[in-house]
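Undergrad: just the structure for this:
(one chain, ligands or ions: 1)
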Amino acid sequence: MRILLLGLDNAGKTTILKALASEDISHITPTQIYVIDSSDRKRFEETGQELNELLEEGKLSGVPLLVYANKQDLVNAASEKEVAEGLDLNGIRDRSWQIQSCSALTNEGVKDGMDWAMKVMSSSKGKKK
Ligand SMILES: Nc1nc2c(ncn2[C@@H]2O[C@H](COP(=O)(O)OP(=O)(O)OP(=O)(O)O)[C@@H](O)[C@H]2O)c(=O)[nH]1
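TA: Numbering: from 1, shown residues only. Predicted structure coming up:
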């Protein structure tokens, strides 16, 4: 049971981990979770490039991807749709993926992302070697 929690510096990974610590995540299997600081638009291109490199990593091939559009509590946060467009997520065709807006600070949306991860992993159980 493994989750990769990735993202640029300052995206909110540690804060999401802390938010998740109060949730039951004992049933999660390999899922890639990518964290975006939705308020930091000038780094969308950089974070998109990093994500694309990860998607090309052979060891992560086919691994479901959850993108947390974090820091939604900030007034200047980009919406889920804007983040998806900024990172060209609609071009991802080789795996299940989902974007989830959240605020690790207020805990909003964090569990919804995990619920998706659990659902997608339980439905793909047995399909992987
Ligand atoms: N407003 C707001 N701030 C957040 C949120 N999540 C994280 N932060 C803040 O953003 C900063 C970076 O958060 P971290 O959780 O340390 O980010 P990280 O991705 O672990 O950063 P690195 O250790 O640099 O890789 C901290 O000041 C957090 O308090 C959020 O949802 N909303």
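Undergrad: got a list of what the closest residue in space to Arg43 that isn't next to it in sequence touches?
TA: Spatial nearest neighbour of Arg43, chain neighbours left out: Leu8 (6.2 Å); criterion: Cβ to Cβ, 6 or more residues apart in numbering. C-betas here are computed from N, CA, C, even on glycine. For Leu8, the contact set (Cβ atoms under 8 Å, 6 or more residues apart in numbering) comprises 36-37, 43, 46-47, 50.
Undergrad: mind checking how far Leu8 is from the ligand?
TA: In this view, Leu8 and the ligand are 7 Å apart by Cβ to the nearest ligand atom, to the nearest Å.
Undergrad: confirm that Leu66 sits in a strand.
TA: Yes: counting by DSSP: H, G, I helix; E, B strand; the rest coil, Leu66 falls inside a strand.
Undergrad: wait, it sits on Gln100?
TA: Yes: the pair Leu66 / Gln100 is scored as a contact, 6.3 Å apart, by Cβ atoms under 8 Å.
Undergrad: overlap in contacts, these two.
TA: 113, 116.
Undergrad: rewinding a little: against Leu51, how distant is the residue nearest to Arg43?
TA: 10 Å (Cβ to Cβ, to the nearest Å).
Undergrad: can you tell me the closest non-neighbouring residue to Ala84?
TA: In space, and not counting its chain neighbours, Ala84 is closest to Ile99: 5.1 Å by Cβ to Cβ, 6+ apart.
Undergrad: next SSE downstream of the helix or strand hosting the one you found?
TA: Assigned by DSSP states H and E, Ile99 belongs to strand 97-101. Counting by DSSP H and E, the next helix or strand C-terminal to strand 97-101 is helix 110-124.
Undergrad: and the angle from that next one to strand 97-101?
TA: 170 degrees (axes from the mean of the first three to the mean of the last three Cα atoms, to 10 degrees).
Undergrad: avg pLDDT for helix 110-124?
TA: Looking at helix 110-124 alone, the average pLDDT works out to 88.
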